[in-house]
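Trainee: sequence below, structure please.
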Amino acid sequence: MIDTEKLVRKALDTYQSAVLAKNAETFMHLYDPEVRVFDTWGVWSYEGAAAWRIAVEGWFTSLGGERVRVSFDDVKIVAEPTFASMSAVVTYTGLSALGEELRSMQNRISWAMRMRGHVLRVIHEHTSAPIGFEDMKGIFKREVK
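Mentor: Modelled structure (predicted):
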């Protein structure tokens, strides 16, 4: 029997390593061809893997010599044999070419995933950040109380 929760955790590991390596090919293997992505930045939604790939390649190219380390906290997974959902707090840390931390931000991320054959792929991704009531600006660091 397939352990779907382990597959979700493997997908999180793949996401982290693909972003650090700026490897769009490996990154896109996480996504279903018909994925819908609600990203935090600039565009209301990306419909399909081809549209999402353009955004991902643009992100990786924009980094120049910098890299991004990704970490996931407070991961919650619900897994069935052919479907899973995951939500987490994700931290993106910009690294210089020498590996020095430059800046970081946090988002909320959710995935809906389904099994195709024996491969679990993201069919919907939603990233967001809360908006402050007073200034209407995004809040990119979670305050833990």
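Trainee: check which helix or strand covers Thr14.
Mentor: Per DSSP states H and E: Thr14 is located in helix 4-21.
Trainee: now do the buried residues in the helix or strand just after that helix.
Mentor: As assigned by DSSP H and E, the chain's next helix or strand after helix 4-21 is helix 24-28. Buried residues in helix 24-28, counting neighbours by 16 or more other C-beta atoms under 10 Å, are found at Ala24, Phe27, Met28. From N, CA and C alone the C-beta is placed, and that goes for glycine too.
Trainee: show me what helix 24-28 is packed against.
Mentor: Other helices and strands packing on helix 24-28, by 3 or more C-beta pairs under 8 Å, 6 or more residues apart in numbering; DSSP states H and E, are helix 4-21, helix 49-62.
Trainee: how far does the first one sit from its chain's centre?
Mentor: Okay, so that is helix 4-21. 9 Å (C-alpha atoms, centre = their mean, to the nearest Å).
Trainee: repeat that for the shortest one.
Mentor: Offset of helix 49-62 from its chain centre (C-alpha atoms, centre = their mean): 13 Å.
Trainee: and the following helix or strand past it, what's buried?
Mentor: Next along the chain after helix 49-62, taking DSSP H and E as the criterion, comes strand 67-79. Buried positions in strand 67-79, judged by neighbour count with 16+ other C-beta under 10 Å: Arg67, Val68, Val70, Phe72, Ile77, Ala79.
Trainee: may I have the strands that pair with strand 67-79, each with its orientation?
Mentor: strand 83-95 (antiparallel) (DSSP bridges).
Trainee: ok, the closest residue in space to Glu47 that isn't next to it in sequence - contacts?
Mentor: Excluding its sequence neighbours, the residue lying closest to Glu47 (C-beta to C-beta, 6 or more residues apart in numbering) is Arg36, at 5.9 Å. By C-beta atoms under 8 Å, 6 or more residues apart in numbering, the contact set of Arg36 is Ser45, Tyr46, Glu47, Gly48, Ile123, His124, Glu125.
Trainee: no further queries at this time; thank you.
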